[in-house]
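> Only the shape, not the letters, is given here:
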DNA sequence: GACCAGGCACATC
DNA sequence: GATGTGCATGGT
């Protein structure tokens, strides 16, 4: 039932937008840095911050770990919340170096559940950030839920408006084929819909999901 | 100038 | 346990 609806949504989106080829970052560390910097922030601002780190040749776990916090804050300034994000990046790096000798490849050996638990224990890494890292940096079969995902699922009546993160994640994860590549594309496509149409004040004209049932009489968020 | 953006932690009730 | 608030830049 739900799985058919999800399949229909996926088909509509892939036809309209094509493959998204996410995450928009080449290396693991770039994906992780991006995942933290994009918290409640427009991606174009994150790109500026990442470009600054690249220009300074600092997009490297070891270099970032040893980088002075004030310098890091200055470089990531365009991404907003730069002081808190500096702490969050440092928290991740401290964990990585103290527990895994700075080796991201060491994390490959952990089970998905174990790695998720460890990431969530880091101050500044919440569910979405942890799941983005799991899916996009480590290709684990985890469905990422963000504001757009919630908004689209609720407005189209796939789930009740009170649903929390775990329920939303479960909605997709248990009704789709367990395939990291599919989860990757699907989430990226939902972000496209969110950015272009499913905003707090929805702009439904020309939305590829127009033909689906929907209920916009829910509180805007 | 208002609104929005690929959250999260913490304080307070 | 639910609700409110701070964090901040930059595009539309």
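That came through fine. The shown structure was predicted, so the numbers you read here are calculated from the model rather than taken from an experiment.

> domain ranges for chain A?
Domain ranges of chain A: A:2-21+A:143-196, A:28-137, per automatic domain parsing.

> Show me what the strand or helix carrying residue A:181 is packed up against.
Using DSSP states H and E, residue A:181 maps to helix A:180-196. Judged by 3 or more CB pairs under 8 Å, 6 or more residues apart in numbering; DSSP states H and E, helix A:180-196 is in contact with helix A:2-17, helix A:147-155, helix A:165-173. All C-beta atoms are positioned from the backbone trio N, CA, C, and that covers glycine.

> Any residue of the first one touching DNA strand B?
No: on the criterion CB under 7 Å from any atom of the strand, helix A:2-17 is out of touch with DNA strand B, staying 12.9 Å away.

> Which is the succeeding secondary structure element to that helix?
Counting by DSSP H and E, what follows helix A:2-17 is helix A:28-37.

> For that following helix, name the packing helices and strands.
Packed against helix A:28-37 by the contact rule (3+ CB pairs under 8 Å, 6+ apart) you find helix A:43-55, helix A:61-66, helix A:82-100, helix A:127-132.

> so is the spatially closest residue to residue A:179 that is not a sequence neighbour in a helix, a strand, or just coil?
In space, and not counting its chain neighbours, residue A:179 is closest to residue A:141: 6.8 Å by CB to CB, 6 or more residues apart in numbering. Secondary structure, DSSP: H, G, I helix; E, B strand; the rest coil: residue A:141 is coil.
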